[in-house]
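**Q** the following block contains a protein sequence and its predicted model.
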Amino acid sequence: MFLTRRLLNNNWKFLPNRERIVYKNRKEAFVDFVKVSGANLLWQIGLAVIVLEFAFPTPDIVYDLKRLISPDFDLYCKTGNLVDFEMDFENKLRAIRREEVRSLEQYTNAKCPEAKFGGLI
């Protein structure tokens, strides 16, 4: 026996279902262990198969995502190996956009408070 009679007679409040975990012999304990371990192993294999089939994107989805995320890769896909990219032109566009934002802020800040809120103040 795994647990002696003396241990079973003690009041173990932390093991209310102790009768169900006491086995008659080692064979019964081993059979129960194999059942639990086998069910766990089947569950883990099933979960791995589901993840493998449905969680990993296919190569065409990876390609589309790379094109959406990376503008450089998209440009490479459109033009091939020879890419004409002018950094100076991109910097000029950024500067123009910043200047537009600054001028809009200056225009809105230049108005008096009554004009900003439609004359309600």
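**A** Perfect, I can see it now.

**Q** remind me which residues of this protein are low pLDDT?
**A** Along the chain, segments meeting pLDDT under 70 span 1-23, 82-88, 111-121.

**Q** max-length helix in it?
**A** helix 26-54 (DSSP state H).

**Q** list the buried residues of the helix or strand following it.
**A** Moving toward the C-terminus from helix 26-54, the next helix or strand (DSSP states H and E) is helix 59-69. By 16 or more other Cβ atoms under 10 Å, helix 59-69 has no buried positions at all. The C-beta positions use only the backbone N, C-alpha and C, and glycine is treated the same way.

**Q** quick one, the helix or strand following helix 59-69 and helix 59-69 angle?
**A** As assigned by DSSP H and E, the chain's next helix or strand after helix 59-69 is helix 71-79. Per axes from the mean of the first three to the mean of the last three Cα atoms, to 10 degrees, the angle that helix 71-79 makes with helix 59-69 is 110 degrees.

**Q** mind saving the C-alpha coords of helix 71-79 as PDB?
**A** Taking Å, rounded to 0.1, in the frame of the first residue of the first chain, the C-alpha atoms of helix 71-79 are listed here in PDB:
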ATOM      1  CA  PRO A  71       7.800  50.200 -48.300                       C
ATOM      2  CA  ASP A  72      11.400  49.300 -49.300                       C
ATOM      3  CA  PHE A  73      10.400  45.700 -50.000                       C
ATOM      4  CA  ASP A  74       7.300  46.900 -51.900                       C
ATOM      5  CA  LEU A  75       9.500  49.200 -54.000                       C
ATOM      6  CA  TYR A  76      11.900  46.300 -54.700                       C
ATOM      7  CA  CYS A  77       9.000  44.100 -55.700                       C
ATOM      8  CA  LYS A  78       7.600  46.700 -58.100                       C
ATOM      9  CA  THR A  79      10.800  47.800 -59.800                       C
END
